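K.L.:
sequence plus the predicted model coming up.
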Amino acid sequence: MRSDFVDNDRRHPMSVRPSQTTEDRIYGTIFDSVMSQRLAPGTKLPEVALCELFGATRAAVRKVLQRLAHDHIVELQPNRGARVAAPTPQETRQIFEARRHMEAAIARLAAENATKADIAALRAHLRQEHEALHHTAQPAWARLACAFHLQLAEVARNPILQRYLGELMSRCSLIVALYEPPGHAACEHDQHAEIVDCLARRDAEQAVRLMDAHLRELEQNVCVEAAEADDGLARMLGLAPEEGARPAKAVRAA
């Protein structure tokens, strides 16, 4: 999940803290519903309905929607309200292109700067990934998989790259959560492990090649969907019993 962006702290922008306030609870519920594909791209998020569902004030709901818009999870449209973001095929290509170039630089710097403590920390993170892959829901696994890339950026020792990667990670995580077909992992754990092995032996060139291949495979697994979102807001937010998921119409990005 959550959610102060990387401008204000060094946590992954998609990480969620345990809900402490009504605003946190609303944010976490909407976020997890998007990441678990209950809320489809373009789904309207009416303020009045959210106020009723969460027993919250309109001011609180507006604040949450602004936070979600800041993190590119929703779009705020004048006189039309909020809806779940729906990245276009062109935006998807551009975001992944920018991320490939940025993470190539990060992989190279990480291979040059990684200490034994860094490698140990990365391997500890990989163990958490492996555990989450087999024992937790998709949003939790996706957060850990994304956090791996931000942790690599820390090892690169370039806070500017780390900051901008945070924004790209937020947008890529949304795209993958919304558009990746069922059965695909958001990030392949074994590929992460291979990259760490390269850092451990300071093989910068192979680390860059593996990262590029890793991100290209991730992008290839994404297909932009035009989804019909009419199951009822409460059910899509997980606040009402599910009666079965409604399939979406898939249109592969050109």
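P.N.:
Looks like it came in fine.

K.L.:
which residues of the chain score low on pLDDT?
P.N.:
1-20, 136-139, 182-186, 224-231, 241-254 (pLDDT under 70).

K.L.:
give me the most central residue, it.
P.N.:
The C-alpha lying nearest the average C-alpha coordinate of the chain belongs to S173 (C-alpha atoms, centre = their mean; 2.5 Å).

K.L.:
next, it: phi, psi?
P.N.:
Main-chain torsions, S173, degrees, to the nearest 10: phi -60, psi -40.

K.L.:
just to check, it is in contact with W141?
P.N.:
No - using C-beta atoms under 8 Å, S173 is not in contact with W141, being 11.5 Å away. Yep, even glycine has a C-beta here, placed from its N, CA and C like the rest.

K.L.:
show me where the stretch 151-254 of the chain has helices.
P.N.:
Using DSSP state H, counting those that start in this stretch, the helices found in the stretch 151-254 of the chain span residues 159-179, 189-200, 204-220, 233-236.

K.L.:
dump those helices to a markdown table, plus distance to T43.
P.N.:
Formatted as a markdown table, the helices of the stretch 151-254 of the chain follow (distance: least, C-beta to C-beta, whole Å):
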| stretch | distance to T43 |
| --- | --- |
| helix 159-179 | 10 |
| helix 189-200 | 30 |
| helix 204-220 | 24 |
| helix 233-236 | 7 |
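
K.L.:
looking at these, which is nearest to R80?
P.N.:
Closest approach to R80 among the helices of the stretch 151-254 of the chain (C-beta to C-beta): helix 233-236, 16.0 Å.

K.L.:
so how far is the closest one off the chain centroid?
P.N.:
21 Å (C-alpha atoms, centre = their mean, to the nearest Å).

K.L.:
which elements pack onto that helix?
P.N.:
Contact here means 3 or more C-beta pairs under 8 Å, 6 or more residues apart in numbering; DSSP states H and E; on that basis helix 233-236 packs against helix 47-54.

K.L.:
with just CA atoms, put the helix it packs on into PDB.
P.N.:
C-alpha atoms of helix 47-54 as PDB (Å, rounded to 0.1, in the frame of the first residue of the first chain):
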ATOM      1  CA  GLU A  47     -18.100  10.800  -2.500                       C
ATOM      2  CA  VAL A  48     -21.600  10.300  -1.200                       C
ATOM      3  CA  ALA A  49     -21.500   6.600  -1.500                       C
ATOM      4  CA  LEU A  50     -18.100   6.400   0.100                       C
ATOM      5  CA  CYS A  51     -19.300   8.500   3.000                       C
ATOM      6  CA  GLU A  52     -22.200   6.200   3.600                       C
ATOM      7  CA  LEU A  53     -20.100   3.000   3.300                       C
ATOM      8  CA  PHE A  54     -17.400   4.100   5.700                       C
END
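
K.L.:
who are the contact partners of L218?
P.N.:
Neighbour list for L218: 96, 172, 176, 186-187 [criterion: C-beta atoms under 8 Å, 6 or more residues apart in numbering].

K.L.:
follow-up on the earlier one: and the gap between the residue nearest to the centre of the chain and R62?
P.N.:
24 Å (C-beta to C-beta, to the nearest Å).

K.L.:
and if you look at E47?
P.N.:
Separation of E47 from R62 (C-beta to C-beta): 7 Å.

K.L.:
skipping adjacent residues, who's closest to A98 in space?
P.N.:
Distances taken as C-beta to C-beta, 6 or more residues apart in numbering place L168 nearest to A98, at 6.0 Å, with adjacent residues excluded.

K.L.:
enumerate every residue touching that neighbour.
P.N.:
95, 98-99, 102.

K.L.:
and what of Q90?
P.N.:
With C-beta under 8 Å, 6+ apart as the criterion, no residue contacts Q90.

K.L.:
next one: it from E217, what distance?
P.N.:
With distances taken as C-beta to C-beta, Q90 is found 20 Å from E217.

K.L.:
what of L109?
P.N.:
Distance, L109 to E217, by C-beta to C-beta: 22 Å.

K.L.:
who has more neighbours, the two?
P.N.:
Applying other C-beta atoms under 10 Å to L109 and E217 shows that L109 carries more neighbours, namely 19 against 13.
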